[in-house]
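Undergrad: Next come a sequence and a model predicted from it.
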Amino acid sequence: MILIADCGSTKIDWCALDNGKLEKQVFTMGMNAVMLTEEEMRERIGAELMPELGSLAGHITAVFFYGAGCISEEVCSNVALAIKANIPSAETVEVYTDLLAAARALCGHEPGIACIMGTGSNSCLYDGQAIVQNVSPLGYVLGDEGSGAVLGKLFLGDVLKKQLPAEICARFLDEYDLDLLTIIRRVYKEPLANRFLASVTPFLSKNIDVPEIHALVYNAFRAFFRRNIHQYTQYQAHQVNFIGSIAYYFADVLREAAEAEGCHVGNIVKSPMKGLITFHS
């Protein structure tokens with residue numbers, strides 16, 4: 001039996017498979033491996049995952065963990081130790097970045113360009129086995145073009161500077177119970193500003209037919225292709241595939257922007273788990 005984990009900052013999706021058949025799916029609290037010690041991760045896994053797995057845990061022989069923040073040998077080693085301490089039956093524990101999860105889920109064993117577009121954004125050129133090129137996403141202050149955090153940042157700036165129709169601005173502020181001081185506090189003084197910024201994107205999706213909102217999203221997506229995808233070797237020869245809620249809910253605008261930038265969009269899916277199950281099966 002194998003266990004696959006798709007770990008984000010909000011939640012972890014764990015799937016136990018027996019000969020490719022899903023035996024158990026468990027959701028636990030998310031974590032960023034960079035921010036936690038091995039002991040903290042071990043305690044979380046023990047408290048949240050193990051009671052749900054129950055007797056299945058003793059049959060697990062391999063664990064494949066894909067997570068946000070798994071970007072160095074030290075971090076990956078800490079995650080592996082935390083898992084091994086809870087699942088000693090696992091002879092194999094492999095820890096990878098969430099970007100490799102996207103590549104494997106979207107492309108399988110075929111070459112292509114794989115992207116994450118959710119609260120943040122990232123991308124890579126994948127040769128069917130490994131990531132061979134990656135343009136650094138840089139986070140929502142310096143990069144993360146097209147992400148939920150950047151769409152929220154652009155939109156809130158336009159609302160507060162009155163760059164959008166007055167009716168749209170008023171409706172948004174009323175619907176989200178926000179004003180200038182609250183927005184400033186949430187962005188500059190409170191933690192997890194990126195999540196707050198991304199939290200306004202459902203309003204954009206609901207009002208995508210408003211020309212100004214469509215233009216904001218469209219231009220943000222074009223910036224993603226220009227500043228990231230265009231840097232990959234022979235990018236026009238590859239399909240550009242996406243995982244993440246922003247790509248999924250704004251798929252039509254994403255395809256428009258891709259066409260304008262000479263890119264060919266392939267798969268767009270909300271979550272990598274189905275593709276990871278296929279890959280590991």
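TA: Everything's here; your move.
Undergrad: Show me what stretch 202-219 is in contact with.
TA: The contact list for stretch 202-219 (CB atoms under 8 Å, 6 or more residues apart in numbering) reads 151, 154-155, 158, 163-165, 168, 172, 175-176, 249-250, 253, 256-257. No exception for glycine: its C-beta is placed from N, CA and C like everyone else's.
Undergrad: now with 10 Å?
TA: Outside stretch 202-219, the residues within contact range by CB atoms under 10 Å, 6 or more residues apart in numbering are 145-146, 148, 151-152, 154-155, 157-159, 163-165, 167-168, 171-172, 175-176, 201, 220, 245-246, 249-250, 252-254, 256-257, 260.
Undergrad: Filter those down to just the buried residues.
TA: Among the contacts of stretch 202-219, those classed as buried by 16 or more other CB atoms under 10 Å are 145-146, 148, 151-152, 154-155, 158-159, 164, 168, 172, 176, 201, 220, 245-246, 249-250, 253-254, 256-257.
Undergrad: Any idea what the spatially closest residue to Gln133 that is not a sequence neighbour is bridged to?
TA: With sequence-adjacent residues excluded and distances taken as CB to CB, 6 or more residues apart in numbering, Gln133 is closest to Leu125, at 4.0 Å. Taking DSSP bridges as the rule, Leu125 bridges to Ile113, Gln133.
Undergrad: Who are the contact partners of Phe64?
TA: Contact analysis of Phe64 by CB under 10 Å, 6+ apart lists 2-6, 15, 92-96, 101, 104, 276, 279-280.
Undergrad: Thr28: which of those is nearest?
TA: Thr28 has its nearest neighbour among those in Ala5, at 9.1 Å by CB to CB.
Undergrad: On the three-state scheme, that closest one is what?
TA: Assigned by DSSP: H, G, I helix; E, B strand; the rest coil, the conformation of Ala5 is strand.
Undergrad: C-terminal to the lowest-mean-pLDDT helix or strand in the chain, what's the next element?
TA: Ranking every helix and strand in the chain by mean pLDDT, DSSP states H and E puts helix 139-142 at the bottom, with a mean of 87. Moving toward the C-terminus from helix 139-142, the next helix or strand (DSSP states H and E) is helix 148-160.
Undergrad: Output the contacting helices and strands for the next helix or strand after that next one.
TA: With elements assigned by DSSP H and E, the helix or strand that comes after helix 148-160 is helix 166-175. Applying 3 or more CB pairs under 10 Å, 6 or more residues apart in numbering; DSSP states H and E, one finds that helix 166-175 makes contact with helix 148-160, helix 180-188, helix 201-206, helix 211-227.
Undergrad: With distance to Thr119 and mean pLDDT added, can I get these in a markdown table?
TA: Putting the helices and strands packed on helix 166-175 into a markdown table (distance: least, CB to CB, whole Å; pLDDT from 0 to 100) gives the following:
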| stretch | distance to Thr119 | mean pLDDT |
| --- | --- | --- |
| helix 148-160 | 5 | 96 |
| helix 180-188 | 14 | 95 |
| helix 201-206 | 9 | 97 |
| helix 211-227 | 14 | 97 |
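Undergrad: Good, wrapping up.
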